[in-house]
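**Student:** Quick one, what's the 3D model for this:
(chains A and B)
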Amino acid sequence: MKRKLVLSGSALLSLLCVAGVQAEEGVSGHIEATGKSIDVSGNKAKFSEYSDADSGITGGVEMKYDAESGFLNFNADEIARDTQSFKVEAGQYEKFKLDAYYKEIQHNFDFDARSFYTGVGTNNLTTTATSASLPTNAAAWPSVFDYAISRDQYGAGIKLNMLKPFFADFSVSQEDRTGIKAAGVYSSVSIELPEPVDYETNTFKAEIGYGEDPFFVSMSYLNSSFDNANDYLYFQSLTAANTSEFLTLPPDNDYSKLAFKGRVKLPLSSSLSLSYGKSEAESESNLATTYNTAGNARTNTLSDPLFNGKVETTSYNIVLASSPLNFLDGKVFYSNYDKENKSDRIISTVGATTFTNHLFDYEKTSYGVEAGLKLPAAIKLTPYYKFVNVERHRGDLPETDDDIYGIDAKWSGLEWLTAKAGYERMERDSRWEQLQLVTGTQASADAIEPYIRRFDAADQDRDTFKLGLDISPNDRLNIGLGYKHKISDYTETVYGLLEEKSDSFNISADFAVNNAIMISGYADYEVATIDQTERAMATTVNTTTANPVDTNATDGNYTWTANQKNKSLDYGLAIDMAVVPKVLSLRAQFDHVRSDGLADFTYYESVPAGYTNETVDSQNWDDYRKNSFLLKATYNTTEKITLVGGYAYEHYKYNDQFSDGYSYVWGATTKSYLTGAGMDPNYNANVFFLTAKYKF
Amino acid sequence: MRNRLLPKIVVSAWSLAMITMGGLGQFLAPDVTQAAEIAADCASCHEQSVASFKSSYHGKAWKGANGCQACHGQTNQHLDTEQSKKTIFSFAKDGGRSAKERAAQCLSCHSSSKHVAFWETSKHKSAGLSCDSCHTGHSNLSKNLKMPQTELCFSCHRDIRSESNRQSHHPIKEGKVSCSDCHDPHGGFGTKMIKADSINELCYNCHAEKRGPFMYEHPPVEENCMTCHSAHGSNHNKLMAQKVPNICQSCHDWSRHPGTPYTQANSFVSSAPAGRGGVARSCQNCHTTIHGSNGPNTLGLRYVK
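**Tutor:** Numbers count the residues shown, from 1 in each chain, chains lettered A, B, ... in the order given. A predicted model of the protein is given here:
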């Protein structure tokens, strides 16, 4: 609150400063107060995921002050709510601008979660319970809390253009992020934990440059410092000894980047653009040399107990763009991004297990060409080609080459119609190598890895088709239509993703029936499928158990497939009506969003007892449906006073295999303990609101 | 030790700068004599356009120094002989000017601005758009936009609108994140016109806790956040591009739980449930540090602690 007062005071001070300069046009803007009555049955957190779910009164201010030698703008929204924001800007057009802001972003996950631990919200969770003594009725657990995170952001900046063609921008900002999120650990049993979030990020940016044709150059610097108040989340195990264990939390880090950008205009309507950037991210963590797990003490012998993380990136880009002829414009580009990991390599030994951490880095190089050709009959064709090579320090797929080529076509032969079509093909060629484990049984990896191709870098053929139509037969009607088909075929994969496919349709339209009535609407529909094949192996991974050609139908080693299908639909319709022009207007709006998912599983043997390959499917696969309705009336009582009142209703229903029938304590023999994260997000909400706005 | 002094320093410095610049402003006031009042001739036919121009950012910035002719060219022929749009520089659809010509008209003043210095590299430019596709010189909305930014972008990027409507999404439609927070519509060097040299660099701007560097890294995470996440929205929780556990299993096939299918038979409602991967947050019931870990030995290596 104190900070908010300081900001408000600063805004007033700014106002006085500029007010000192003679005003000729004065102040304009509005001030408003809003009362909201919110009634939610069900999951209030999901309803208010990014908002404030409580009833109450809020306010807003917009003030614009323009004078001969300066301007000042002040905005405040949702004052006193969890989502309030304040912003003030002042300066002179084309000379300089100062700004300062304060903004809150709320992210609610789940309210009234439960834990048998005390100390929720801190980094030390304690209990005297054991798996045997812990009440299975979560209502008896001592802690009730909310999974929610608040981001408080504030900052200020200055932009200077008074010395044109030179310019300079400077800004500082800080974000405080606090709250609780869900984490999970395994300690002989699986336990969901409330993880404290207490982060602070400070950022400083500076950019100076010169811009006057034909040149533009700029240098920029960014420094971002992340500070986590908690290095570890300590919790007591549920073993008889109640030993203290820990979960590591994100380490503090410092990041800085220096970048250069430049452009020079060349003859023949050409330009050459360049960029170069170099960044460095560093962290430092004290590693645990002793720890407990599942109630047992362990000694972790380390070659160095202090881990210094350091990642450097270097990037550069060159783009030559040219329009030498009226019917031709083209682009040639080359770019390189190199991420180099200079973190410590540390040998860790626990018992007989000794290994060194693997450091990942990669280099991505791409180049390509694009040519836009204007043809007769208002046709434009843009064929393009792009090559991308990635070399990564990774054991299974250390290098990929992508050939991407396509063509975009646009026809705008009629003033009221534009048609677009596009096709793109990507052919990814991956170099596969046998993965070498840093620890574990190499023979097992040798047996299964030849069949696995991880989808992010696997050989792939991808085809994408797009169609679009924009129709405006007259000033009253606009229609947009789109269709996209995309299919990815993972050509070398035996276990993993085999195919991804999606078809999506979109339409939006608005129609002014007359000067008083406007109707607008949209609809989107998508069907997406993902096919995967995997291998289940009962105990040991070897050349027999991993082999897709299965000769033993009863040993518990089997192949299974999952064909996921998600159908998404959203549509909306709104009607705006000027009942009494410039005095009374109404808006009615309805929106619907839904998804219907299915995971069709097939076991090639060992179907679970009591199920068949037909009944084992997951019918509820992130299924949800949301209906939202809004009715709003705007009444301009006078030229200066406006009243806005209305009612909104929202219904949300969600079903998913992983949360239907949710239970805090779960498991037949070995129990798992949950806290309610993601449990039952269904809700019905009714909102009444009334706003009074005064314009000045 | 946290820098709790920063907000006070920032606010104080800002206020001090305001005082200084407020005074300085007196000396830097534009030397404009209001000579070029908006042509009354234009207003006689285009009353609304002239009025909107006066209240627009252009109108305020120029303070009467430039009139309609600054953008629409000489009006003599338009006024004297024929009133066709083609006798002036019109930005209307039927004005007879190509996208390239319309963009050039704006860039004749703005090409040295850092915001549009790299327009030639822009995918929007390649797609045949021009400045007036999104902006109007008569607007008093932020950035001279024709309509609020999200609405404007979604009017063409309808598939993104659909994604952002899904149950798990960045707060785009709630107005807490805007398209231009991540993308530069005027062009640059990043893929998909993002404001960074890589996807991860962009994401870490807001999710700095994911930056590490960690002792035990998850390679696909370090290469590209979008391997697992869908930035605009998803049907699956946490903006996942595919559903957990299947997305995890498509890479991690091994004995016991990594290779076990988690079906209806493993759910809460099953008569004989088994396997922690089949309920609640699935793999993350145990593997919580999947973005990287400094945990001990194999517990860190496997993102358990």
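**Student:** ok and the residue in the stretch 151-300 of chain B nearest chain A?
**Tutor:** Closest to chain A within the stretch 151-300 of chain B is residue B:213: 3.0 Å, counting by CB to the nearest CB. Bear in mind the C-beta positions are built from the backbone N, C-alpha and C, glycine included.
**Student:** Show me the strands in the stretch 151-300 of chain B, by range?
**Tutor:** B:168-169, B:233-234 (DSSP state E, counting those that start in this stretch).
**Student:** and these, which is most packed in?
**Tutor:** Stretch with highest mean neighbour count among these: strand B:233-234 (a mean of 22; mean count of other CB atoms under 10 Å in any protein chain shown).
**Student:** Now for the most centrally placed residue in chain A: which residues touch it?
**Tutor:** Per CA atoms, centre = their mean, the C-alpha nearest to the average position across chain A is that of residue A:107, at 12.7 Å. When contacts are counted by CB atoms under 8 Å, 6 or more residues apart in numbering or on different chains, residue A:107 touches A:49-50, A:148-151, A:179, B:171.
**Student:** tally of neighbours for residue A:473?
**Tutor:** 12 (other CB atoms under 10 Å in any protein chain shown).
**Student:** That one - nearest residue in space that isn't next to it in sequence?
**Tutor:** Nearest non-adjacent residue to residue A:473, counting by CB to CB, 6 or more residues apart in numbering or on different chains: residue A:416, 4.9 Å away.
**Student:** The one you found contacts residue A:470, doesn't it?
**Tutor:** No - if you go by CB atoms under 8 Å, residue A:416 and residue A:470 don't touch, sitting 9.1 Å apart.
**Student:** Please see if stretch A:688-696 touches chain B.
**Tutor:** No - Stretch A:688-696 does not reach chain B (CB under 8 Å from any CB of the partner chain); its nearest approach is 13.7 Å.
**Student:** would you put the C-alpha positions of that stretch in PDB?
**Tutor:** Extracted in PDB, the C-alpha atoms of stretch A:688-696 (Å, rounded to 0.1, in the frame of the first residue of the first chain):
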ATOM      1  CA  PHE A 688     -23.900  -7.900 -11.200                       C
ATOM      2  CA  PHE A 689     -22.000  -4.700 -11.900                       C
ATOM      3  CA  LEU A 690     -22.700  -1.000 -11.900                       C
ATOM      4  CA  THR A 691     -20.300   1.700 -13.100                       C
ATOM      5  CA  ALA A 692     -20.700   5.500 -12.800                       C
ATOM      6  CA  LYS A 693     -18.400   7.400 -15.000                       C
ATOM      7  CA  TYR A 694     -17.800  11.200 -14.900                       C
ATOM      8  CA  LYS A 695     -16.100  12.700 -17.900                       C
ATOM      9  CA  PHE A 696     -14.200  15.900 -17.700                       C
END
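**Student:** And for it, what's in contact with it?
**Tutor:** Contacts for stretch A:688-696 (CB under 8 Å, 6+ apart): A:27-37, A:639-648.
**Student:** Let's see that with 6 Å instead.
**Tutor:** Stretch A:688-696 has contacts (CB atoms under 6 Å, 6 or more residues apart in numbering or on different chains) with A:30-37, A:640-647.
**Student:** For stretch A:339-347, give the mean pLDDT please.
**Tutor:** If you average the pLDDT over stretch A:339-347, you get 97.
**Student:** What residues does the stretch 301-450 of chain A have near chain B?
**Tutor:** Residues of the stretch 301-450 of chain A lying close to chain B (CB under 6 Å from any CB of the partner chain) are A:307, A:309, A:311, A:315, A:317, A:319, A:321, A:337, A:343, A:348, A:350, A:357, A:360, A:362, A:394, A:410, A:415.
**Student:** residue ranges of the helices in the stretch 101-250 of chain A, please?
**Tutor:** In order along the chain, the stretch 101-250 of chain A carries no helices (DSSP state H, counting those that start in this stretch).
**Student:** need the residues of it near chain B, please.
**Tutor:** Residues of the stretch 101-250 of chain A lying near chain B (CB under 6 Å from any CB): A:105, A:154, A:156, A:162, A:172, A:174, A:183-184, A:186, A:190, A:199-201, A:211-213, A:216, A:218, A:226-227, A:247-248, A:250.
**Student:** Mark which of the residues you listed are buried, thanks.
**Tutor:** With neighbours counted by 16 or more other CB atoms under 10 Å in any protein chain shown, those contain buried members at A:105, A:154, A:156, A:162, A:172, A:174, A:183-184, A:186, A:190, A:199-201, A:211, A:216, A:218, A:226-227, A:247-248, A:250.
**Student:** burial measure for the closest residue to residue A:63 other than its chain neighbours, as a count.
**Tutor:** Among residues not flanking residue A:63 along the chain, residue A:29 sits closest, at 3.9 Å (CB to CB, 6+ apart). By other CB under 10 Å, the residues close to residue A:29 number 15.
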